[in-house]
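Asks: Below are the sequence and a predicted model for it; my questions follow.
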Amino acid sequence: MDKKELTEILFKLTEQNGVSGDEFCAAQTAASILEKYTSDVTVDDFGNVFANIGKREEGKPHIMLDAHIDEIGFIVTYITDNGFLKISNCGGIDRRLLLAQQVEILCSDGRKIFGVITSTPPHLETDDKKAPKLEDIYVDLGMPKDKVEDIVSLGDRVVILNQPCVLLDDMVTSKCLDDRAGVLTLIQTLDLLKYEFESLNCSISVVLSSQEETGERGAKTSAYKINPDMAIAVDVSFAKVDGDKKDTCGIIKKGPMIGISPSLSRDFSDRLIRIAKEKDIPYQIEVMGGTTGTNADAIGITRGGVKTVTVSIPLKYMHTPVEIISISDIESSACLIAEFLRNGVKADV
Amino acid sequence: MFDTLCDLCVLNGISGDEEKIRSYIISRISGKCEYKVDNLGNIIAFKKGRNTPKNKVLLSAHMDEVGLIVKYINDDGSLKVESVGGVDPRVVFGRQVTVGKNNTIGVVGGVAIHNLSKDERDKAVPFDKLTVDIGANNRSEAEKIVSLGDSVCFKSDYIEFGEGFVMSKAIDDRFGCAVLLELIESELEYDAYFTFVVQEEVGLRGATAASYTVDPDYAIVIEATTAADIPSADGEKSVCKCGSGPVVTFMDRSTIYNKELYNLALDTARENNIPCQTKTMIAGGNDAGAIHISRGGVKTLAVSVPCRYIHSPSCMAKKDDMKNSLTLIKLVTEKLYNR
């Protein structure tokens, strides 16, 4: 697919909501896209999406390609006497950006209700400006309690509203590029390989895991089910922004970040690096001291252990509603994974 | 009035860069009254009524809104900004903005929460640590699109929702502008002066000059004011409440209001069964601060619509409060002409 098609699919994916534990809309949309490449697409009770490609056979490695389908958001915990909502977080929320954000309540009957997060007026402000605690903020629906109770139920999810948008060149901004960018990368990987599925010397399960943001729970159950020989967790990682230290981040537009970490298979990392060099695919190395904070942590210790590596899309402003990626990084990441599936899988795993 | 309000709110015009608002207003009033644009960019309008009154009455609203201004372009193509007017950096971080004349879309970002110390995570991101990112790869790419001094505006739709609420940026003070347009486009009993002024948010500057020029006997400032009727602010700290009608104040941080006009407004509201409230804290300020000390002093009143989350991209005000404000303003104005 070209950049325009990739951007269209990305926005289709980010427009659908999938707050951890309630991934249905996003999962359904992604599943319908994956159906273009295989008829074997399922969504399990846990919210994980599976798309299987190629016949699984003895002596032929089975590769799990993972990205998480869930996104950070909120959950309604209480309705106050004057009709404001109290909310709690699903995943790692950046409290510094919450005040006066425009949000949408995703009601259990499918309705979406507009609201605004309360902000502290200046006359109530203490000297030192703090990021508000979640206990101190509310969602304002502009309605009294009885009306709110007719529409909103405790447990409904809440997302920050933001229109996806193309910036300069091929830079795009949206909510939940973490990890719909990973989902798009896997879709593009299949697109690159779509005429070669028969000739690959491996079988593949694309898995879009639920509940990564709340503790890699979907990946744990899906990797158990798939029982792969090798796995690539495709997530986003930090692209350097103004104020960042150089050594902790990748650079946007410089290609996939290949993970090296004690918790990852060094052999697998090295293979990807070799392929990238051979095929002239731009790449960056992301060294992590312990675990990776991605689904790779859960997948690697599934059953008797899985050789796992991370391929991460550099992303600016992580866990904000205005994350930025470059489509070129999706292209090069997909290219790297496709080349691995073509040429890098050895029968000896 | 609400169609006009919608038109006005979605236009961008931070202090000192009110051109788009001015053009819109001129397009609406031209042919309906006499007007001129002064050296600061204020629109000073005079509309003839059926009669000439004893007193010169001025109605004033400000065109500008709070926002940001570009002050530096980083090597990596991101922009450093400073606030124009009172903006809490917490209401701009993590959202889209528009930059410059062509409304180039950018986002306000900073170092990801994961890469901060525990201490930093609990602090608001100050303006010097925020950047606006338009997706440029480096300074020279950014320079093709952005110049130092370019305006940066909140990006927000105009939405009607909940029980009679409106949400948009810049309700402060496009509401006032919408009221003035409503009056100019109606038949007036008496001659009246209207000023659409600049630079309220950076120190009541437009109103200072415009009120000097008009030299009125009486003035009414039409505004939006902070309502904090939210669960985290009880009792007097809510200041005023959405749904309780227009706000008329005896004192704020810029003005001790003329007692006679203050009482006149409250009495007029009572006589006509219009809900009306006063502020329960001495907070905020508006162009009355400049107008009431213009020349030898002007008897001044402010009528404001209560507005939650003012100075953010998500101001909320109630349509009923706006309608009631308009009604009250008309009634009070009529009483001033021949007082």
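Replies: Arrived safely, thanks for sending. Numbering: from 1, shown residues only, chains lettered A, B, ... in the order given.
Asks: C-alpha only now, for contacts and for neighbours.
Replies: Noted.
Asks: Summarise which helices and strands whichever strand or helix holds A:Val207 is packed against.
Replies: Per DSSP states H and E, A:Val207 falls inside strand A:203-209. The helices and strands touching strand A:203-209, judged by 3 or more Cα pairs under 8 Å, 6 or more residues apart in numbering or on different chains; DSSP states H and E, are strand A:49-53, strand A:62-68, helix A:217-226.
Asks: hmm, who's touching the shortest one?
Replies: Under the criterion Cα atoms under 8 Å, 6 or more residues apart in numbering or on different chains, residues A:27, A:31, A:34-35, A:38, A:40-44, A:197, A:203-209 lie in contact with strand A:49-53.
Asks: now do 6 Å
Replies: Strand A:49-53 has contacts (Cα atoms under 6 Å, 6 or more residues apart in numbering or on different chains) with A:Asp40, A:Val41, A:Thr42, A:Val43, A:Ser203, A:Ile204, A:Ser205, A:Val206, A:Val207, A:Leu208.
Asks: looking at the residues you listed, which has the most residues close by?
Replies: A:Leu208 (30 neighbours; other Cα atoms under 10 Å in any protein chain shown).
Asks: For beta bridges, what are the partners of that residue?
Replies: Listed beta-bridge partners, A:Leu208: A:Val49, A:Ala67 (assigned using DSSP bridges).
Asks: measure it to chain B for me?
Replies: 23 Å (Cα to the nearest Cα, to the nearest Å).
Asks: Could you do A:Ser32 as well?
Replies: Counting by Cα to the nearest Cα - A:Ser32 and chain B are separated by 30 Å.
Asks: give me the number of residues near that residue?
Replies: Neighbour number of A:Ser32 under other Cα under 10 Å is 12.
Asks: what about the longest helix belonging to chain B, average pLDDT?
Replies: Among the segments of chain B that qualify as a helix by DSSP state H, the longest is helix B:319-336. For helix B:319-336, the mean pLDDT works out to 97.
Asks: Then stretch A:282-293?
Replies: 96.
Asks: ok, and the closest non-adjacent residue to the residue of the stretch 151-300 of chain B found nearest chain A?
Replies: Proximity of the stretch 151-300 of chain B to chain A (Cα to the nearest Cα) peaks at B:Gly162, 4.5 Å away. Nearest residue to B:Gly162, sequence neighbours excluded (Cα to Cα, 6 or more residues apart in numbering or on different chains): A:Gly142, at 4.5 Å.
Asks: about what we covered before: from the helices and strands packed on strand A:203-209, which stretch is densest packed?
Replies: strand A:62-68 (a mean of 28; mean count of other Cα atoms under 10 Å in any protein chain shown).
Asks: per-residue pLDDT, residue 143?
Replies: Using chain A. On the pLDDT scale, A:Met143 gets 97.
Asks: not quite, I wanted chain B
Replies: In this model, B:Glu143 carries a pLDDT of 97.
Asks: List the residues that contact it.
Replies: Listed by Cα under 6 Å, 6+ apart, B:Glu143 has no contact partners.
Asks: one step back: can you redo the contacts of strand A:49-53 as a markdown table with pLDDT?
Replies: Formatted as a markdown table, these follow (pLDDT from 0 to 100):
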| residue | pLDDT |
| --- | --- |
| A:Asp40 | 98 |
| A:Val41 | 98 |
| A:Thr42 | 97 |
| A:Val43 | 96 |
| A:Ser203 | 96 |
| A:Ile204 | 97 |
| A:Ser205 | 98 |
| A:Val206 | 98 |
| A:Val207 | 98 |
| A:Leu208 | 98 |
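Asks: Taking these, tell me the two that lie furthest apart.
Replies: A:Val43 and A:Ser203 (19.0 Å; Cα to Cα).
Asks: Which residue lies nearest the spatial centre of chain A?
Replies: The C-alpha lying nearest the average C-alpha coordinate of chain A belongs to A:Asp179 (Cα atoms, centre = their mean; 1.6 Å).
Asks: Quick check: that residue vs chain B, distance?
Replies: In terms of Cα to the nearest Cα, A:Asp179 sits 15 Å off from chain B.
Asks: That residue: which element?
Replies: Assigned by DSSP H and E, A:Asp179 belongs to helix A:177-193.
Asks: by how many degrees do that helix and strand A:62-68 diverge?
Replies: Orientation check (axes from the mean of the first three to the mean of the last three Cα atoms, to 10 degrees): helix A:177-193 against strand A:62-68 gives 140 degrees.
Asks: Contact residues of the stretch 1-150 of chain B facing chain A?
Replies: B:Arg90, B:Val91, B:Phe93, B:Gly94, B:Arg95, B:Gly109, B:Ala112, B:Asp122, B:Lys123, B:Ala124, B:Ile134, B:Gly135 (Cα under 6 Å from any Cα of the partner chain).
Asks: now, among those, which is nearest to A:Gly259?
Replies: A:Gly259 has its nearest neighbour among the residues of the stretch 1-150 of chain B next to chain A in B:Ala112, at 19.3 Å by Cα to Cα.
Asks: Would you mind confirming that that closest one makes contact with A:Lys316?
Replies: No: B:Ala112 is beyond contact range of A:Lys316, at 7.9 Å (criterion: Cα atoms under 6 Å).
Asks: before we move on, back to that, which secondary structure elements does the helix holding A:Asp179 contact?
Replies: The helices and strands touching helix A:177-193, judged by 3 or more Cα pairs under 6 Å, 6 or more residues apart in numbering or on different chains; DSSP states H and E, are strand A:62-68, strand A:230-238, helix A:327-339.
Asks: quick one: A:Ile87 from chain B, how far?
Replies: In terms of Cα to the nearest Cα, A:Ile87 sits 13 Å off from chain B.
Asks: Is the closest residue to that residue other than its chain neighbours part of a helix or strand, or is it coil?
Replies: Nearest residue to A:Ile87, sequence neighbours excluded (Cα to Cα, 6+ apart): A:Val76, at 4.5 Å. Per DSSP: H, G, I helix; E, B strand; the rest coil, the secondary structure class of A:Val76 is strand.
Asks: Could you check how far A:Val76 is from chain B?
Replies: Distance from A:Val76 to chain B, by Cα to the nearest Cα: 16 Å.
Asks: which ones are touching that residue?
Replies: A:Ile87, A:Leu154, A:Gly155, A:Asp156.
Asks: Verify the contact between the second one and A:Thr80 for me.
Replies: No: checked against Cα under 6 Å, the pair A:Leu154 and A:Thr80 is beyond contact range at 11.7 Å.
Asks: out of these two, which sits in the busier spot?
Replies: A:Leu154 (16 against 13).
Asks: and the more buried one, what is it in contact with?
Replies: A:Leu154 touches A:Val76, A:Thr77, counting by Cα under 6 Å, 6+ apart.
Asks: excluding its backbone neighbours, what's nearest A:Glu216?
Replies: A:Asn295 (5.4 Å).
Asks: I'd say A:Gly115 and A:Tyr138 touch.
Replies: No: A:Gly115 is beyond contact range of A:Tyr138, at 9.8 Å (criterion: Cα under 6 Å).
Asks: which bits of the stretch 201-349 of chain A sit near chain B?
Replies: Counting by Cα under 6 Å from any Cα, the stretch 201-349 of chain A sits next to chain B at A:Tyr317, A:Met318, A:Thr320, A:Pro321, A:Val322.
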